[in-house]
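Colleague: Build me a model from this:
(one chain, ligands or ions: 1)
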Amino acid sequence: MRVALLILLGLVIGVIGTVNVMSTLGARHPMPKAVMQTMGYHMGELGHALKAKQCGAASSQHHLQRLQSTATDIVPVFGVPEKDFTDDASQLQDRLQQALQSAPADCAALAAALKPIDETCKSCHQKYR
Ligand code: HEC
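Modeller: Numbering: from 1, shown residues only. Take a look at the predicted model:
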């Protein structure tokens, strides 16, 4: 009886421990992916617009704004202190800012605005993804 109780107690402690670890990991891990997924979505929408040759100024501006505000979360959320990483993140913000200021009103302008942004996404992914 005593042994059975001890085994049960051990199981309960194990389960509580697992739940604690899982929720700690869960709280820490979704944000980096969530930030990237959000940027991926908005880049994807801009890519679809290019393919469909429907590059309305308002829609492009909206997605660029969402990209720009989401990009500000990269450094705090990833917490990677390496200079290469933070340089890429700030380059992304600079280039998004330029793209917003250029206010692309047609597909040619949108494609030109997206090229340097895409290069920065790729540059960081090659090194850190
Ligand atoms: C400063 C570095 C950096 C920049 C800039 C960057 N990324 Fe990422 N990205 C990462 C890292 C690191 C990962 C891997 C994250 C992981 O697996 O937890 C990643 C993963 C991703 C993923 C996959 C997410 C998943 O669920 O696995 C997508 C989509 C993505 N990035 C989109 C983009 C887009 C679009 C841009 C440019 C607008 C961009 N990223 C710019 C570092 C960066």
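
Colleague: State the distance from the residue nearest the centre of the chain to Pro104.
Modeller: When C-alpha atoms, centre = their mean is applied to the chain, the residue found nearest the centroid is Met36 (1.8 Å). For Met36, the distance to Pro104 equals 23 Å [C-beta to C-beta, to the nearest Å]. Using the backbone N, CA and C atoms, a C-beta is placed for each residue, glycine as well.

Colleague: if we can go back for a sec, tell me which element the residue nearest to the centre of the chain falls in.
Modeller: With the criterion set as DSSP states H and E, the secondary-structure element containing Met36 is helix 30-52.

Colleague: wait, does that helix contact the ligand?
Modeller: Yes: under the criterion of C-beta under 6 Å from any ligand atom, helix 30-52 makes contact with the ligand via Pro32, Lys33, Met36, Gln37, Met39, Gly40, Met43.

Colleague: can you give me the helices in the protein?
Modeller: Assignment of helices within the chain using DSSP state H yields the ranges 2-28, 30-52, 57-71, 74-78, 83-102, 107-128.
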